[in-house]
Every structure is written in structure tokens, then in C-alpha cells.
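In: Quick one, fold the following:
(chains A and B)
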Amino acid sequence: MEALYILVPLSVVLVGVALRVFSGAAQSGQFDDLEGPAYRVLQDDDR
Amino acid sequence: MSAVLDQAVRDKAPQGCFHCGLPIPADSRWQATIDGSVQQMCCPGCAAAAQAIADGGFADYYTTRTAYAVQADLEAARAPELDLVDGAGMDGEGSFSVEGIRCASCMWLIERQLMRVPGVLDVSLNVATERLFVRWDQGECRPSGILRTLRAIGYTAYPYDAHRHGEQLERARKKLFRQLFVAALSMMQVMMYAVPVYLAGDGTMDAGMTALMHWASFFLTLPALLYSAQPFFMGAWRDLVRRSPGMDVPVALGIGAAFAGSLGALLSGQGDVYFDSVTMFVFLLLGSRYLELGARRKAAGALERLQQGLPAAALRLRGDPLARDTELIAASTLQVGDLVLVKAGQAVPADGVIHEGETEIDLALLTGETRTQPRMPGDALPGGAVNATQAIVLRVTSAATDSTLAMLVRLVERAGQGKPALALWADRVAGWFVLGLLGLTVLAYVAWLQVDPGRAWQVAIAVLVVSCPCALSLATPTALAAATDRLLRRGVLAVQPHTLETFDRATHIVFDKTGTLTYGRPTLRQTVPVGQVAGDACLRIAAALEADNPHPLAIAIRDAVAEPGHAQRIHCTVGQGVEGWVDGCCYRLGSAAWVAGVAGGVARAAVPAGTTSVWLGNADGWLARFDLADGLRPEAAEVVQRFRAAGKTVVLLSGDEQHAAQAVAAQLGISTAIGGKLPDEKLDFVRRLQQEGAVVAMVGDGINDAAVLSGADVSFAMGRGAELAQLHADGVLMGDDLTPLADALDTARRTLSVIRQNLTWATVYNVAAIPAAATGLLSPWMAGVGMAASSALVVVNALRLRKDR
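Out: Numbers count the residues shown, from 1 in each chain, chains lettered A, B, ... in the order given. Below is the predicted model:
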């Protein structure tokens, strides 16, 4: 059980990292269009 | 995958137009050759768009699409006013809003097609906001060319204007999305620390471990509290400054008290912590706000598109004002001293003085004054005022283009602003609720001080936490947001928030006749051959003569023919008719007197009442008579029937003559028909109904309906009708179809019942939970679960409205 004393604080840090990643992604406009990319992947542009 | 879907779509409706899926008229001969096979089309617009797509090498679009395209409009592609866009100040890059994006292939098609346009450097399309960003080389390409390219393949696009598009709503939505995300992450994590503490029986978890979990919860609650909960604290502060406590005050109080209490318990090492409840509050409440804002943004966007987002245009008079020789220019290029013609129903393009003509103007959007005011030559008119009665000539005194823009912005902002009476009621209740709650908390605290001073603070916190009126504050907005969203998909734009509520309560539905129950434009009723030539052939000759004629009767005749012949040397005589050569023979088409001039004699056969007749003849004699009349909308009878079945009294109120009104009413099964009413008499009629206790819903379309639309309790304007009518209506029917109105009534009814269920449930929950908390029976996990369950129930109940039954 002692491992939890490391793991719980670690999880808090990880959430901090996740928030950081998210704010970076939001800043770069990745959430501006939530529908388009899902469509775009269906189109084969290589021809 | 999508090819399979498309096959399924096509199998279901094998008769439909290949491009848009609408039924193909029996006499249609339009087709396009796609991938080597000939496909049937329903109209020249679709055929042109499909051929343009296929010729561009994008026939793939038809195999990968998952939904039919919007019907293409041939007229829209020509639109001379598109040239105005070139002067709108876009230098090499700009955004456009695009209509009619239905599926993935639309996006592919638009981007590919535009990249082909010479000079276009970069294209990207945002599907969620239906906005297109393009960069181009100014030397090689102009914005109007880009818009024309889009229209050629069947998509209508307008330059994007940040002011008009509610850019603020968009920014607010982005920020809210981030806050929501942070709250969600925070909630999930805090819950992970809370659950083990709840699950562990008494004494099985040592104090150190419990403290660790609580401290971790504390740290993860901070972002939710400091970042995500900002809207609530700011809203509560505003309410307090204005001394009108709304829903934000109890919410902020609940969040603040729960956090402060938990922090106190954490530091002192005794008492309960509610960090999980705090994060859950914040997440659920933000979620409902996000839904609400999304619905508002969509409504604002739809309204903007309805107002044809082209730059405000003006009709400038060239030379002598009496000659009425006008040119269409962008309002932003108007100079001081220019003379402009402002037709009835149009907005004044810039500040100016009346040069000629008397009229009444409508300042509703500028000042809020709903009655029109008379204006004489020499009077000043502010830009953005709407000319209500007659055409006037205006001398521009200042080229303030912002004024007209301001009017449109205001209209967009009005969509979704304000609150319906029911929501206001909930807000007022919340105000009292706060006071009562604070009293109750103090009472519980004092009472527990007598019984068990150690638990008094804990109980007080529990009361505040459990009663945070989460469910109560979610009950109406989620339901309204879901309903607005659904209505928009059905083609009804609810501009005023009270629309649904009042529409449900309405006892009388009053329809205007022309343009509302009927098309408001003539359609060909019958062709009566009176000579040797068959009716069909006569009609083809007539359509050939009327080619390119903008007169409504000419359009009606053209619309009735699939493939007109070709006429030469067409000569038009105003007020009489046209003359021209078809297949080597000279024909005249027009009034009886005009045709008699070539055919000789007099017209035979009486003309049926209520119709306009156009004659065709040549030197050999009379050939045919075409009877044209305003056509009844095919769906009108069913819509009227549905309103009657719903227990509403349907009334027809028309400015047209009594017998015409009566005739239409009889066809539709409307028992009360009142004709021959002037605009103010219409208003009087509605006022009288209201005095008798009726709640009146009015449906109209014209300039003459504006007054009665704003006078009725709730009103709807037709999307194809006058802009002035739309400004005064509470809702707008986006398409040229009445059916959505009947759907709107169903939706209104269901929305109101969902709101009532939600409010009832929220009240029951609070009534049950607060005494339990006050008596100390509620543990933190029960409070959390109860709060979450009650809120989730309310939201899920509201979301049922989005689904079609």
C-alpha cells in the first residue's frame, strides 16, 4: 500500500501534464473544427 | 464504405434527381453525363452543377457522398450583385461562409474545385462553423470569381463578416469548451480519489492514506475552481452588484461553501470533504451552458445567412433623379451628396435627408419604437432605419456604413438573447430559494449547536452542498437549447426566446393569405387553346417569347415549360406584351388588346374570376389563353388541419378582397375568413381577439404584415418574405414551406412538458434532500450521488427533445 504514497502524487502531476498538453492543443486550433477531420480522412487524395 | 451508403440512398429513391434527390418532374429532360452514364436531373440548376462537377473530374463526389446535395439554383450562379464583393476590401485572403455542406464529399469537392481556380493559393474549410478560408493571388483571381465557382457546383457562399457572424459568440464558445474540458478532467480524477474513501468501511483506511487522497483531490479541484468556475463567480458578482440574485448566486454560493468547508475540514483534519461534488457541479453546469451557447451560435448563423450576407447594397441614381436610372453599388462606396433610391421594405443604406417622396419609417431596431413614423422631404433619416411604405429618394449626408451593419448585428444578437418567462420565473424562484436556503442553513447550524456543537459546521456545509440548485438551473436552459436546435434542423428559426412557450399557449393561429398560405406569385393554372395549335405547342411558343423577361407572369409561364423553343427579334412593349419570331412566324403574347392588334377580332370566352389571363396569337388568328393565378401551397391544407386537431382556432386575415379570402379559406377548411383589411385594421382585429382573452399567433410575410406581426403574442414570418416582416417576427420559417410550422407546434408542446417535468423533479429532489441534510442523515457521498443523478436526469430528459420521434 505504501506505493500509493508515490503513485497518488504522481497521478496529480500527470493530470497537470495532461492539462498542459490540452491547453497547447487548444491554443494551436486543434479543437476549432471537431467534424471536418473525421470526414477528411475518408477522402483518398492520392490519385 | 460511403459508396455503399450512397447506393442504399439511391435504391430507396430510384426516381429522384441524381444530384439533389428531389423527385424528377414527369416532363423533365435535364440530364448530365457522369462517369460515362447519363443521369436524370430535376432542374437546369442541378444539371448544370452536376455537369460542372463531372467535367471538373470530380465525379468521385457522387460515389463517396453519404447525403444528397442541396438543390442547385441556376439563377444564384449568375447573381450580378456578387461583383459587389470585389469592393469589400479583401486583399488576397478572406473568409466565406458556405451553405449546403451536407457530408464529407462536399468538403472534398469544395476544396478540390477551388484549388483549380487560377490564382487560388490556399483553401481550407471548417465544417463545424461552415466557414471557408481562402488565400489568392490578387493579380489572377477575384473574390467574386471564387463565389461564382462555388455557386456553379451548387453551393451558396457569402463573404464572412466577423461582426455579423457573432464572432463574440464563437470566442465565448471556444473558451467555454476549454473550461468544460478542464472541469471534466478534474472531475474524473477527483472521483478516482473519492471513490476509495467512500468504499472503504470505517477504520479500514488509515488516516494517512485518507489525508493523501483528500489532498490530491484538493489539488485537482483547484483548476476546476479557479479556471472553469469563473463564469459562475463572475455572474454571481454581477447579480449582486445589480441586487437581483439569479441562478448564479446560489450556484456560486454552493461551490464556494463546499470548497471552503472541505478546505477547512482538510486543514483541521476533521469533518467531510466535498471536492468531488464541487468538480461535478462545475462540470455539469458548464456542460449545460455549452449546449445552450452552441444552440445560440447556430441560430445566429442561420439568421445571418437568411439575411443574405452580401455587403449592404444601395441603388444609386444616375443623372436625373426623375429618370429613376439606378445602379447597384456597395453601400460602403456611397459618397456624401449621392442620391439613392430606397424602396419600400428596404433599409436606409446611410445617413441622409429625404430628397423626394413621403413615407413612413420604422425605427424598431434602432430605437425600439414599434410604431412607424411619417417622414417628409427634408427630414433626416438615420442609416439602418427601414422604409416602411413608399419608395423615396435620399440624399446621403454621411457615408456612415456602420449604421446599416449595426442593424444587422443587432438582429443577429437578438436571436437567443433574453430569457423566456419560464426561465425568468425559475430565476426569481432561485432568488427566493437563496434567501430561504441561507435562513435554513443558519437555523440548522444553530439547532445543531444545541444538540452536538461538533457537527454543527459540518451539517451547515452539507445543507449548502446538497441544495446547490444544479437541477433547477439546468431544467429550462437545456430543454430550450435542445428544442431550438431541433427546430433549426426542421427549418424554423426561433428568434425570440419566448416563441416556443407562447406558441404552445396560443388559442388562435392567424394566417395571412398572399405569400403565406399561397405562394404569393402567379403560377400557370390552365392553358386553353382557342385556335388550331395544341396547348403544349402554344405554351412552348409563349415560353420562348418570355425568355429573359423578369415580369412575374413571364416567369410563371417559363416555369411551366421544360424545354422552351427559341425566339428571335423579341420586342417588348411595356404594359402590353411581347412580340417575336418563333420558327419563322411572328407571334404576339400579352393582353387581349395587344394580341387583337395582330390577330384581329376580339377575345372570346369569359375569363374565370380571380385569375389573370395572357393571350397568344399571330396573323392567322387567336391561338391560346393562359390562365394564371396565385397558387395555394400544397402543404397548407394539412398544416391547417394539424392546427385544428391541436385545438387551435385558425383564422385567415387578408388584405385581399373578401371573396378571394373566402375562396381560399373554403379550400383549406378554415371557418373564419376576413378579407379587405388594411395593415392597421389587421392589427385592430388581433388586438380585439387579445382583449377577448385569446393568445394570438400570427403568420405572415409582407411589409404590410409587419405591424400585426409585432402586435401578435407570437409571430412567424416566411423566409422568402419581406425583411421588414422578419424583423418584427418572433420566428422565421427558413424555407418556402409551411410544414415546419406544424412541427414547431409539436416541438413547443413537448418542450414545455419536458420543462415542467424537469422543474417538478428538481423541486421534489430539493424538498427531499434538504431536510435530510439538515438532520445530519446525509453523508458526503450521498450528497454527491444525489446531486449528480438529479442533474443527469434533467439533462437526459431535455436531450430527448433533439431526437425525432
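In: Look up phi and psi at residue B:360.
Out: Main-chain torsions, residue B:360, degrees, to the nearest 10: phi -120, psi 140.
In: Could you check how far residue B:544 is from chain A?
Out: 44 Å (C-beta to the nearest C-beta, to the nearest Å). Any C-beta I mention is one placed from the backbone N, CA and C, and that applies to glycine too.
In: which SS class is residue B:69?
Out: The three-state label given to residue B:69 by DSSP: H, G, I helix; E, B strand; the rest coil is coil.
In: mind checking how far it is from residue B:63?
Out: 14 Å (C-beta to C-beta, to the nearest Å).
In: Who has more neighbours out of these two?
Out: Neighbours around residue B:69 and residue B:63, counted as other C-beta atoms under 10 Å in any protein chain shown, are more numerous at residue B:69. The numbers are 27 against 14.
In: Just list the residues touching the more buried one, thanks.
Out: B:19-21, B:46, B:49, B:100, B:102, B:106, B:154 (C-beta atoms under 8 Å, 6 or more residues apart in numbering or on different chains).
In: Buried ones among those residues?
Out: B:19-21, B:46, B:49, B:100, B:106, B:154 (16 or more other C-beta atoms under 10 Å in any protein chain shown).
In: The residue nearest to residue B:455 when sequence neighbours are not counted: which element?
Out: Distance criterion C-beta to C-beta, 6 or more residues apart in numbering or on different chains; nearest residue to residue B:455, sequence neighbours excluded, is residue B:448 at 5.7 Å. Using DSSP states H and E, residue B:448 falls within helix B:421-451.
In: for that helix, packing partners?
Out: helix B:248-268, helix B:453-467, helix B:470-490, helix B:739-774 (3 or more C-beta pairs under 8 Å, 6 or more residues apart in numbering or on different chains; DSSP states H and E).
In: which helices and strands does the second one pack with?
Out: When contacts are defined as 3+ C-beta pairs under 8 Å, 6+ apart, helix B:453-467 sits against helix B:248-268, helix B:421-451, helix B:739-774, helix B:780-799.
In: ok now the helix or strand following the first one, how far from the chain's centre?
Out: This means helix B:248-268. Moving toward the C-terminus from helix B:248-268, the next helix or strand (DSSP H and E) is helix B:275-306. Using C-alpha atoms, centre = their mean, to the nearest Å, the mean C-alpha position of helix B:275-306 is found 18 Å from that of the whole chain.
In: Tell me how many other residues surround the closest residue to residue B:375 other than its chain neighbours.
Out: In this structure, residue B:375 finds its nearest non-sequential neighbour in residue B:361, 5.3 Å apart by C-beta to C-beta, 6+ apart. Per other C-beta under 10 Å, the neighbour tally for residue B:361 reads 23.
In: for residue B:361, what are its contacts?
Out: Counting by C-beta under 8 Å, 6+ apart, residue B:361 makes contact with B:348, B:372-373, B:375, B:381, B:385-388.
In: Hmm, residue B:104 and residue B:65 touching each other?
Out: Yes: assessed by C-beta atoms under 8 Å, residue B:65 is found in contact with residue B:104 at 7.5 Å.
In: Geometric centre of the chain: which residue is closest?
Out: I went with chain A, as the question did not name one. residue A:22 (5.3 Å; C-alpha atoms, centre = their mean).
In: ah, I was thinking of chain B
Out: residue B:493 (3.5 Å).
In: Am I right that that residue is in a strand?
Out: Yes: assessed by three-state DSSP, residue B:493 belongs to a strand.
In: do you know how far it is from chain A?
Out: 21 Å.
In: what is that residue paired to in the beta sheet?
Out: Residues found in beta-bridge contact with residue B:493 (criterion: DSSP bridges) are residue B:732.
In: Is it correct that residue B:568 falls within a helix?
Out: No: assessed with three-state DSSP, residue B:568 is strand; it does not lie in a helix.
In: Tell me how many other residues surround residue B:263.
Out: Neighbour number of residue B:263 under other C-beta under 10 Å is 15.
In: How about residue A:1?
Out: Neighbours of residue A:1 (other C-beta under 10 Å): 8.
In: Same question for residue B:453.
Out: Using other C-beta under 10 Å: residue B:453 sits among 9 other residues.
In: okay, it: pLDDT?
Out: Per-residue pLDDT puts residue B:453 at 80.
In: and if you look at residue B:261?
Out: For residue B:261, pLDDT reads 86.
In: Next up, the contacts around it.
Out: B:271, B:274, B:457-458, B:460-461, B:464-465.
In: can we see that at 7 Å?
Out: The neighbourhood of residue B:261, defined by C-beta atoms under 7 Å, 6 or more residues apart in numbering or on different chains, consists of B:274, B:461.
In: Now do whichever helix or strand residue B:63 is part of, average pLDDT.
Out: Secondary structure from DSSP H and E places residue B:63 in helix B:60-64. Here helix B:60-64 scores 79 as its mean pLDDT.
In: Could you list the buried residues of stretch B:375-382?
Out: B:375, B:381-382.
In: ok, of the residues you listed, which one's closest to chain A?
Out: For the buried residues of stretch B:375-382, the residue nearest chain A by C-beta to the nearest C-beta is residue B:382; the value is 37.5 Å.
In: Leaving out the residues flanking it, which one is nearest to residue B:275?
Out: residue B:217 (3.9 Å).
In: ok, for residue B:118, nearest residue in space, not its chain neighbours?
Out: residue B:140 (5.2 Å).
In: and the two most separated of the buried ones among the contacts of residue B:69?
Out: Using C-beta to C-beta, the two most remote members of those are B:46 and B:106, lying 14.8 Å apart.
In: give me the number of residues near residue B:334?
Out: 24.
In: sorry, back to before: A strand includes the residue nearest to residue B:275, no?
Out: No: secondary structure of residue B:217 (three-state DSSP): helix, not part of a strand.
In: What pLDDT is listed against it?
Out: Reported pLDDT for residue B:217: 93.
In: Confirm for me that it is in contact with residue B:193.
Out: Yes: at 4.7 Å, residue B:217 counts as touching residue B:193 under the criterion of C-beta atoms under 7 Å.
In: any residues in contact with both of those two?
Out: With C-beta under 7 Å, 6+ apart, residue B:217 and residue B:193 have no common neighbours.
In: got a list of what residue B:210 touches?
Out: If a contact means C-beta under 7 Å, 6+ apart, then residue B:210 has residue B:197 as its contacts.
In: repeat that for 10 Å
Out: B:196-197, B:200, B:269, B:273 (C-beta atoms under 10 Å, 6 or more residues apart in numbering or on different chains).
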